[in-house]
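K.L.:
Mind folding the following:
(2 chains)
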2 protein chains.
Amino acid sequence: MQAEIITIGDEILIGQIVDTNSAFISRQLNKIGVSVYQITSVQDDKQHILQALQEAEGNADIIIVTGGLGPTKDDITKKTIAEYFNDTLIQDQAVLTNIENIWKKYVKQTLAQVNIDQALMPSKASVLMNYYGSAPGMWIEKGNKTFISLPGVPFEMEALIQNEVLPKLKEKYKFPFILHKTLLTYGIGESKLAAKIEAWEDNLPEYIKLAYLPNLGKVRLRLSAKGQDKNKIEHEIKRQIELLLPQIKEEFVGFEDQDISLQAIIGEKLTQLNKTLATAESCTGGKIAEQLTAISGASAYYKGSIVSYATHAKVNVLKVPQRIIDKYSVVSAEVAESMAKNVLDIFQTDYAIATTGNAGPTKGDSDTDVGTVYIAIASKDKVFSEKFSFGNHRTKVVNKAVNKAFEMLQKEIFKN
Amino acid sequence: MQAEIITIGDEILIGQIVDTNSAFISRQLNKIGVSVYQITSVQDDKQHILQALQEAEGNADIIIVTGGLGPTKDDITKKTIAEYFNDTLIQDQAVLTNIENIWKKYVKQTLAQVNIDQALMPSKASVLMNYYGSAPGMWIEKGNKTFISLPGVPFEMEALIQNEVLPKLKEKYKFPFILHKTLLTYGIGESKLAAKIEAWEDNLPEYIKLAYLPNLGKVRLRLSAKGQDKNKIEHEIKRQIELLLPQIKEEFVGFEDQDISLQAIIGEKLTQLNKTLATAESCTGGKIAEQLTAISGASAYYKGSIVSYATHAKVNVLKVPQRIIDKYSVVSAEVAESMAKNVLDIFQTDYAIATTGNAGPTKGDSDTDVGTVYIAIASKDKVFSEKFSFGNHRTKVVNKAVNKAFEMLQKEIFKN
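P.N.:
Predicted coordinates:
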């Protein structure tokens, strides 16, 4: 059972937006046992959309199209789909009522003709009702193949996938079982890791695939298996992981479900220990805070951050002694450790992370080399720091520092 | 002149990573006058890669492939490309030397055989030297068509595009001129905006396309034109914008170059006014700080943030009076305004933004409805706030609040 995803919109092809819809849809389809064969992004162009639909029909059983359903003139997906199925558009009363309700509740203006026209549907389509916006989803069957068209706005598309598409697919088809299990490792490169576990990898059964996903200081190892026998797959994946773990004792930090990150692993551990965390960020500029608070329920253990972007903020707000800055420079182990200790005191937490460094491209308030970052971890009774050289690419320096900070904290709290 | 981008990797098709490479490459190609016809993501599967190459060769003049060049067994792009061109792999001495240098400088370990093998290249390919990693890029010509294969690691790919691919493409082909101009509007929905400017839109010349890009409270209007006559295109786009601007006086906040965001517009204005900014974030959890500091040079005007995620941090760190919290609740106009005023004092800035709200899914430290957010803006002599209801989707609430905060600040500072 294969699916193909077609995302429509000039904004994707000129690089104005990143297509995040495909990743979301792929993840959801995988969970119910559908493999995605291909993702294709095409322009708002009738001939090209028709061609993409034709090719997808040849490759896949389930074709999911997103985008191009808005009320404006550049949105041509709906009439192109009608043409593909030799169909005409007719007004759907339930869709119109839904649009009227949304307008009454949120927009509070009279309905324009372009929005009334959004209730036009191909006569062969079943409606997937979109309660978050005016563009309805569509479900069209052709023999055993299913075509699904969804709005491109991510949260509208996501709600339709969860509430309409997945339940209907599970009703229509019988899917194989797919299992992915991802192990998160830190501190060793891809090829060294591969050499270390080569014998194990070579002995994996045919139906289990291994992938290496390196990213700025961490390597994720993903095991994937697919088949009809759920018990056999679960058992074999479990057995293989038990064989692997002793070989990567030093590097392994946890399992990463597709929705579980290192921040979540840290959050769970802190909750379990009943401990709290604060952060003091300079070069990471709030990104550690942002990633921690992206997790629902973070307020149970995460108390807050002081982003001391300017040097004087380190003195005035974080109370780093001016003499330490003068003596060691603002990018130094001493400043990082002082930031960590002080923010722990200020927020009265059990742990604290601090970062100070130079993300580049210019040297900023310090003379330190671009890419130099000090990360400190404080707990009630100790503080320590490490120095890193993260290269000369600004975004990369920040992301590496964020990853490394989580790695250091994870190691520290998992000693408990 | 058309290009096609093929991104290779199971991790894309199972939704484990979002393909950001395609957007970057598309943006860069557009700048030099190359349109991207299609983006195709396929699995690490030989037959499928061969088929994608075949189809791309039919559609496009320039075919750019990323991914699958790593040292591990799941990386099969290079040998598949060799097969596509009936070619064999031979060791390239310059590539091997480059890999040895990287190992000496950064990895500081002996070179494994899998990394030595990364110096194998199809004999028909020119090397695109990758100074940031061990996987070289490849450039293969077939008649007037060009095939380019690049590593999937974003910063390695980006450096190769900038330093190797774009200069070589400009040398080989003569490209048409492409111009995109994007206007950023806030505070009006897509269909209402479309109705307002309908007559103008209908009179656009054939070679100028208009697109609406709505996203959580903002709508971007993108004008795109392509042709050989650079002067004519620039002149006509300018003329059309002059006709449009008086019609969207209220909603227009600035031009958004493909790399310029509202944060950058704010940053430029603050720099020009010689004014500074601090932030106090509760429900946005550091995301405002993170977006401000993503801009190189932000330290000139952005001094820092206090992320007061826990209520007691609002009292202890931000000095919000406990009686205000008791009287009005932690999610209130009074608390938002107090946070803004206090953070302005603490960081000694000219402006401050504060957010307090409930991003959900649970109610947190407050009884306020999920989605309620107060945003306050303070300057030396005044403070004001607004209340918003941003729905019940956590990520969406945070992103809407961040966008709205920048919108409010932009309006305030552009009064100067």
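
K.L.:
In three-state terms, how would A:Asp74 be classified?
P.N.:
What DSSP: H, G, I helix; E, B strand; the rest coil gives for A:Asp74 is coil.

K.L.:
so it touches A:Asp44, yeah?
P.N.:
Yes: A:Asp74 is within contact range of A:Asp44, at 5.4 Å (criterion: CB atoms under 8 Å). C-beta: built from backbone N, CA, C; applies to glycine.

K.L.:
higher neighbour count, those two?
P.N.:
A:Asp44 (22 against 18; other CB atoms under 10 Å in any protein chain shown).

K.L.:
Can I take it that the more buried one is in a helix?
P.N.:
No: going by three-state DSSP, the assignment for A:Asp44 is coil, not a helix.

K.L.:
related to what we said a few turns ago, need the overlap of contacts for A:Asp74 and A:Asp44.
P.N.:
A:Asp10, A:Gly68, B:Ala211 (CB atoms under 8 Å, 6 or more residues apart in numbering or on different chains).

K.L.:
quick one: what helix or strand has the last one in it?
P.N.:
For B:Ala211, the element it lies in under DSSP states H and E is strand B:208-215.

K.L.:
who's sitting farthest from the centroid in chain A?
P.N.:
A:Arg323 (42.2 Å; CA atoms, centre = their mean).

K.L.:
Could you tell me the model confidence score at it?
P.N.:
On pLDDT, A:Arg323 comes in at 95.

K.L.:
Regarding it, what is its secondary structure?
P.N.:
helix.

K.L.:
Check A:Gly68 too.
P.N.:
Under three-state DSSP, A:Gly68 comes out as coil.

K.L.:
Can you name the residues that contact A:Ala195?
P.N.:
Contacts of A:Ala195 (CB under 8 Å, 6+ apart): B:Ala112, B:Val114.

K.L.:
Now the helix or strand that it is a member of: buried residues?
P.N.:
A:Ala195 belongs to helix A:190-196 when assigned by DSSP H and E. Using 16 or more other CB atoms under 10 Å in any protein chain shown as the test for burial, helix A:190-196 gives A:Glu190, A:Ser191, A:Lys192, A:Leu193, A:Ala194, A:Ala195.

K.L.:
again with stretch A:113-131
P.N.:
Neighbour-count burial for stretch A:113-131 [16+ other CB under 10 Å]: A:114-115, A:117-122, A:124-125, A:127-128, A:130.

K.L.:
what does it contact?
P.N.:
A:69, A:71-72, A:78, A:81-82, A:85, A:87-96, A:98-99, A:102-103, A:134-140, A:148-151, A:156, A:159-160, A:164-165, B:191, B:194-195.

K.L.:
Filter these down to the buried ones.
P.N.:
For those, buried by 16+ other CB under 10 Å: A:69, A:71-72, A:78, A:81-82, A:87, A:89, A:92, A:95-96, A:98-99, A:102-103, A:134-140, A:148-151, A:156, A:159-160, A:164-165, B:191, B:194-195.

K.L.:
Filter those residues down to the ones in helices?
P.N.:
A:78, A:81-82, A:95-96, A:98-99, A:102, A:156, A:159-160, B:191, B:194-195 (DSSP state H).
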